[in-house]
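> Structural data only, the sequence is not supplied:
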């Protein structure tokens, strides 16, 4: 078991007071058999009302509503948790899914349909050129081996590039440029899986690195494997997800789960400055 401390502070500074519209916050990790939250603190400036709710994906969503204008918005999240995923490769896939290709059971496929739909249908030609190196029609390969090979190929052959622009690159763009951010790599991996008929979804959260003073928000993919459930693959590192990954939100679409989303109303054109500080540390004691 690993104990982790996560600090995520987002600050918006405006030149003049603005009217803040409700902000949607995805900052609380997903609890379950692998993650238990010991303590969570969420401080927000200015004065606000906070409402917690669950969305259709069972993500914990905090909605902050504001009643007075302000020239500053600070969202300060601090979380202590226990992470029990010490053996990420310790899972068993049902016999019929060990080899690829395979078919999901009809009842499961009905539930998985949103995670099988291509997000970028126009990018199929680019995927058709890239994927034959891993699998060709008529072949039978190990399912995990296929996923591991795609995951490691993106991590080892593509250049990581931090991007401040919102949204994600299309898979074709990532393949052409051979570069992207973590969310771009996750999107390429997800779209490749769906093209092959494997249910996949986007995960946003945090990554812990013992060598780094500061942590980071991070993104990766999960693939549904019968018998094992949703298993995480990080195409930025080429690793299977373990106790250095802390999932906050999952969604079928990679642009739907930013940590902070909201709007403001200003009397004049306004371009706020934003500062984000994230620390993910191993907690002592």
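Cool, got the structure. Just so you know, these numbers come straight off a predicted model, no measurement behind them.
> Point out where the protein drops to low pLDDT.
212-215, 285 (pLDDT under 70).
> 90 instead?
Across the chain, the stretches falling below the confidence threshold (pLDDT under 90) are 1-2, 32-34, 84-92, 161-167, 209-216, 243-244, 267-271, 282-285.
> Which neighbours in the sheet does the strand of greatest length in it have, and how are they oriented?
Ordering each strand of the chain by length in residues (DSSP state E) puts strand 2-20 first. Using DSSP bridges, the strands paired with strand 2-20 in its sheet are strand 70-83 (antiparallel), strand 264-265 (antiparallel), strand 273-282 (antiparallel).
> Who are the packing partners of whichever helix or strand comes after the first one?
Looking back up the chat, that one is strand 70-83. Following strand 70-83 in sequence order, the next helix or strand is strand 99-100 (DSSP states H and E). Applying 3 or more CB pairs under 8 Å, 6 or more residues apart in numbering; DSSP states H and E, one finds that strand 99-100 contacts strand 141-142, helix 143-157. (Each C-beta comes from the backbone N, C-alpha and C, glycine too.)
> Which one of the ones you listed lies nearest to residue 131?
Each of those has some distance to residue 131 by CB to CB; the shortest is helix 143-157, at 8.0 Å.
> Report the buried residues of that closest one.
143-144, 146-148, 150-151, 153-155 (16 or more other CB atoms under 10 Å).
> Ok, stretch 69-82 next?
Judged by neighbour count using 16+ other CB under 10 Å, the buried positions of stretch 69-82 are 69-70, 73, 75-79, 81.
> Repeat that for stretch 83-102.
For stretch 83-102, a neighbour-count test (16+ other CB under 10 Å) marks 83, 85, 88, 93, 97, 100-102 as buried.
> Same question for stretch 33-53.
Of all the residues in stretch 33-53, those buried under the rule 16+ other CB under 10 Å are 34-35, 42, 44, 46, 48.
> what's the next secondary structure element after the longest strand of the chain?
Reading on from strand 2-20 to the C-terminus, the next helix or strand found by DSSP H and E is strand 23-25.
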